[in-house]
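sequence? don't have it. structure:
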């Protein structure tokens, strides 16, 4: 091989090595993709009648769900939706809710879908791979008074609660600057979820007071579903416990609306597969509401 050929081969080798080196550098500078987003469904499963409201053969319990989500520090990211057994034409049969009976909620009739949710761990947050979302559902467990009546409560919640809740989420979550440290982030989430729960209680109290009771709301299950994973879930759980959000009188207890004879049962936790039974009731009437989170 001549000198010029050797030189060409040497030059080619240098160029190939340089390209390979650049590829390694480029790969090392490319941020990881992060955990893949997943789809979830918050599904009403059933209502068990322990003490019925009606004096006839049985109750007609059904569910209206309000779902909400908002990304921390992402203005305009708030979304609020309503799903109702009344609107979907899946109301229970007359008198089906006798004492001791479990009335199933047809799948899909009042589901809240949560698509493209990313569950974040501490490392994901540090790298800023995706914004943290605050996600929740409000399940209004209701007893049908007029079998042939309109969907008045569903319509009122949709027209009145939805915009007010959206404004509250934009203010407390979407418009907040993202704190620079993990500790400050946890403090912000804890404080603002406490504030959000107070706002929700006030909004619901005001709306129920003006309903005129076309149907009777037996109870409200308020659930905050935080899309966290691993160590970040443990850190938030500890912060919620310190803040009193896991206190038996609040997180899995009742925050009463005494003047309305109704109550809110609150649950705060990670968005993951689960099933929970939540006792609900007004004086003289008690139900157990079963709710599940399932992959979508």
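Cool, got the structure. From a predicted model like this one, the values you see are computed outputs, not experimental measurements.

Could you look up the SS state of residue 186?
Under DSSP: H, G, I helix; E, B strand; the rest coil, the three-state class of residue 186 is helix.

Please disregard the earlier target; I meant residue 241.
Classified using three-state DSSP, residue 241 is helix.

what about it, how many neighbours?
Neighbour count for residue 241, taken as other CB atoms under 10 Å: 12. Every C-beta, even on glycine, is put in place using the N, C-alpha and C of the backbone.

What of residue 242?
Neighbours of residue 242 under the rule other CB under 10 Å: 10.

Next, find the distance separating it from residue 235.
Using CB to CB, to the nearest Å, residue 242 is found at 11 Å from residue 235.

go on, residue 97?
Distance, residue 97 to residue 235, using CB to CB: 42 Å.

now residue 268, which residues is it bridged with?
With DSSP bridges as the criterion, residue 268 is bridged to residue 224.

That one against residue 243, yeah?
No - look at residue 268 against residue 243 with CB atoms under 8 Å: they stay out of range, at 9.6 Å.

Can you report phi and psi for the closest residue to residue 228 other than its chain neighbours?
Distances taken as CB to CB, 6 or more residues apart in numbering put residue 270 closest to residue 228, at 5.1 Å, once the chain neighbours are dropped. Backbone torsions for residue 270, taken as degrees, to the nearest 10, come to phi -80, psi 150.

Residue 268 and residue 243: which has the busier surroundings?
residue 268 (23 against 18).

Check the spacing between that one and residue 233 real quick.
Distance from residue 268 to residue 233, by CB to CB: 12 Å.

rewinding a little: okay, residue 97 and residue 235: which has more neighbours?
The neighbour comparison of residue 97 against residue 235 (other CB under 10 Å) goes to residue 97, with 26 against 16.

Test of understanding: give the bridge partners of that one.
residue 59.

gap between the longest strand seen in the chain and the chain center?
Criterion DSSP state E: the longest strand present in the chain is strand 38-51. Distance of strand 38-51 from the chain centroid (CA atoms, centre = their mean, to the nearest Å) equals 13 Å.

In that strand, which residues are buried?
Judged by neighbour count (16 or more other CB atoms under 10 Å), strand 38-51 contains these buried residues: 40, 41, 42, 43, 44, 45, 46, 47, 48, 49.

what pairs with the third one across the strands?
Translated: residue 42. residue 112, residue 293.

got the end-to-end distance for stretch 164-174?
The first and final residues of stretch 164-174 sit 14 Å from each other (CA to CA, to the nearest Å).

again, but for stretch 174-193
Taking CA to CA, stretch 174-193 runs 13 Å from one end to the other.

Residue 82 is in contact with residue 157, correct?
Yes - counting by CB under 8 Å, residue 82 is a contact partner of residue 157 at 6.1 Å.

which of the two has more neighbours?
Counted by other CB under 10 Å, residue 157 and residue 82 do not tie: residue 157 has more neighbours, with 25 against 20.

which ones are touching the more buried one?
Listed by CB atoms under 8 Å, 6 or more residues apart in numbering, the contact set of residue 157 reads 64, 66, 82, 140, 207.

Go through these and name the one nearest residue 180.
residue 66 (33.2 Å; CB to CB).

tell me the contacts of the closest one?
Residue 66 neighbours (CB under 8 Å, 6+ apart): 80, 81, 82, 112, 137, 138, 140, 157, 161, 162, 165.

Now intersect the contacts of residue 157 with the helices, please.
With helices taken from DSSP state H, the overlap with those comprises residue 207.

May I see the contacts of residue 157 organised as a markdown table, with distance to residue 177 added?
Listed next are the contacts of residue 157 as a markdown table, based on distance: CB to CB, whole Å:
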| residue | distance to residue 177 |
| --- | --- |
| 64 | 34 |
| 66 | 27 |
| 82 | 30 |
| 140 | 33 |
| 207 | 31 |
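
Looking at the contacts of residue 157, spot the one nearest residue 291.
residue 140 (12.2 Å).

How much space separates residue 38 from residue 268?
20 Å.

just to revisit the earlier point, identify the contacts common to residue 268 and residue 233.
residue 226.
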